[in-house]
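# Got a predicted structure here, sequence first:
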Amino acid sequence: MIDNKFELGFFPTPIQSLKRLSEKYPGYNLFIKRDDNSGLASGGNKTRKLEYLIKQALDNGCDTIVTSGAQQSNHCRQTAAACSVAGLECNLLLGGDEPEKYQGNLLLSYFLGAKLHFSGESRKGELSQQLIKQVEKQGKKCYLIPYGGSNIVGAIGFVNAVKELKLQISENNLNFDYIFFASSSGGTQAGFMLGIEMFGIATELIPISIDKDETNGLRLEEVVLSVVNEGIQLFNIARKFEPEDIKLNREYDKPGYGVITDNEKFAITELATTEGILLDPVYTGRAFYGMLDYLKKGLIPKGSNVLFWHTGGLPSNFYYADKLK
Ligand SMILES: *Cc1c(COP(=O)(O)O)cnc(C)c1O
């Protein structure tokens with residue numbers, strides 16, 4: 001299952017030591033995993049999910065993809081790019097109304113040839129079935145990718161990412177006590193949990209929640225649990241997961257999705273000026289701030305090896321420029 005994919009990215013993505021940043025937060029050995037360099041139209045974590053989702057779409061004989069997100073969705077931009085590579089039509093259902101000016105990810109999705117549909121109030125695929133009906137009237141065969149690509153098929157991308165990490169750990173004689181990352185639609189977190197269970201890596205996940213809103217009536221914790229439980233069946237894992245097994249830090253999502261505060265600005269500047277690595281203001285900036293806060297407050301033991309999993313998102317900086325400076 002793990003090997004049944006349509007290749008879209010450059011893997012393994014590199015792991016770097018954050019030497020200068022570690023000096024600023026004494027007692028911690030900080031590392032970063034560069035999924036922002038996954039190679040697909042400026043990269044990001046959705047590339048991993050799309051390798052499995054696009055494969056299934058092609059296997060099912062579909063010629064058209066439908067997916068959804070915010071106008072600055074990195075998932076939608078990478079899906080549009082994946083469709084270009086695979087020769088599929090791409091339909092994006094994007095929250096809000098059509099803006100006068102296309103910027104950031106929206107501009108890139110447009111370059112990548114996606115058909116753009118604006119869905120007003122909803123940004124999480126609530127109108128997908130309507131759009132599918134409309135597209136199928138034109139004789140197309142649609143494959144629906146859920147919001148964020150977060151079903152079990154997409155999550156396999158992160159099961160495979162754990163396999164990739166395990167190899168890097170053994171080749172480089174590393175170990176990571178903690179892995180911090182931005183969690184939002186749940187597929188990344190669910191895939192990590194399943195992968196750790198399957199490949200036996202000794203690490204603790206610290207997922208930082210980015211979005212306080214529900215998705216189609218479900219809280220993020222519920223989405224993660226349901227995808228994990230699907231994975232348990234699919235991979236024949238002899239363990240049951242309960243709601244209390246789903247760890248999620250909600251400390252930093254309170255301002256709301258895509259609302260930029262001093263936290264995100266601080267995190268972006270801190271990493272940029274110590275290591276020359278760029279974050280984004282919606283996901284990785286918020287999660288990286290969360291990690292720095294843990295280090296400052298000593299919430300994890302000194303001496304720990306800490307990995308930040310960079311999930312991408314660079315293009316939205318240009319859309320949020322006015323709020324960032
Ligand atoms: C989508 C996304 C995430 C969150 O991943 P999920 O699988 O949706 O939880 C994190 N960072 C970036 C940059 C993203 O685009």
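Thanks, I have it. Small disclaimer: the values here were computed from a predicted structure and weren't measured.
# Leaving out sequence neighbours, find the closest residue to Thr261.
For Thr261, ignoring the flanking residues on the chain, the nearest one in space by Cβ to Cβ, 6 or more residues apart in numbering is Pro255 at 5.3 Å. Quick note: C-beta positions are derived from backbone N, CA and C, even for glycine.
# Next: Leu112.
Nearest to Leu112 is Ala80, by Cβ to Cβ, 6+ apart, at 3.7 Å.
# In terms of helices and strands, where is the one you found?
Here Ala80, judged by DSSP states H and E, is contained in helix 74-86.
# for that helix, packing partners?
If you count contacts as 3 or more Cβ pairs under 8 Å, 6 or more residues apart in numbering; DSSP states H and E, helix 74-86 packs onto helix 46-59, strand 64-69, strand 89-94, helix 104-111.
# and those, which is most packed in?
strand 64-69 (a mean of 27; mean count of other Cβ atoms under 10 Å).
# so how far is that one off the chain centroid?
Here strand 64-69 is found 16 Å from its chain centre; the criterion is Cα atoms, centre = their mean, to the nearest Å.
# hang on, the earlier thing: next, the angle from the helix holding Ala80 to strand 64-69.
Angle between the axes of helix 74-86 and strand 64-69 is 160 degrees (criterion: axes from the mean of the first three to the mean of the last three Cα atoms, to 10 degrees).
# Out of the helices and strands packed on helix 74-86, which is closest to Asn173?
Of all the helices and strands packed on helix 74-86, it is helix 46-59 that lies closest to Asn173, at 24.7 Å by Cβ to Cβ.
# can you map out the helices along this structure?
19-24, 46-59, 74-86, 104-111, 128-136, 152-171, 187-199, 220-234, 262-275, 284-297, 316-319, 321-324 (DSSP state H).
# Including distance to Phe11 and mean pLDDT, could those go into TSV?
Formatted as TSV, the helices of the chain follow (distance: least, Cβ to Cβ, whole Å; pLDDT from 0 to 100):
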stretch	distance to Phe11	mean pLDDT
helix 19-24	24	98
helix 46-59	8	98
helix 74-86	14	98
helix 104-111	21	98
helix 128-136	29	95
helix 152-171	6	98
helix 187-199	14	98
helix 220-234	20	97
helix 262-275	22	98
helix 284-297	19	98
helix 316-319	23	98
helix 321-324	30	96
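# Output these in a markdown table, with distance to Glu251 appended to each entry.
Shown next, in a markdown table, are these (distance: least, Cβ to Cβ, whole Å):
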| stretch | distance to Glu251 |
| --- | --- |
| helix 19-24 | 21 |
| helix 46-59 | 25 |
| helix 74-86 | 23 |
| helix 104-111 | 26 |
| helix 128-136 | 32 |
| helix 152-171 | 23 |
| helix 187-199 | 16 |
| helix 220-234 | 14 |
| helix 262-275 | 10 |
| helix 284-297 | 7 |
| helix 316-319 | 22 |
| helix 321-324 | 21 |
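# Make CSV out of these and add distance to the ligand.
CSV is the format used below for these (distance: least, Cβ to the nearest ligand atom, whole Å):
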stretch, distance to the ligand
helix 19-24, 19
helix 46-59, 6
helix 74-86, 3
helix 104-111, 9
helix 128-136, 17
helix 152-171, 8
helix 187-199, 3
helix 220-234, 8
helix 262-275, 12
helix 284-297, 6
helix 316-319, 8
helix 321-324, 16
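# Out of those, which gets nearest to Val66?
For Val66, the closest of the helices of the chain is helix 128-136, at 5.6 Å, according to Cβ to Cβ.
# got the contact list for the closest one?
Thr64, Val66, Ser68, Asn91, Leu93, His117, Cys142, Leu144 (Cβ atoms under 8 Å, 6 or more residues apart in numbering).
# list the contacts for the third one?
So the one you mean is Ser68. Contacts of Ser68 (Cβ under 8 Å, 6+ apart): Cys76, Leu92, Leu93, Leu94, Ser119, Arg123, Lys124, Gly125, Leu127, Ser128, Pro146, Tyr147.
# now the most centrally placed residue in the chain, nearest residue through space, not along the chain?
Closest to where the C-alpha atoms of the chain average out (Cα atoms, centre = their mean) is Asn45, at 4.4 Å. For Asn45, ignoring the flanking residues on the chain, the nearest one in space by Cβ to Cβ, 6+ apart is Thr311 at 3.8 Å.
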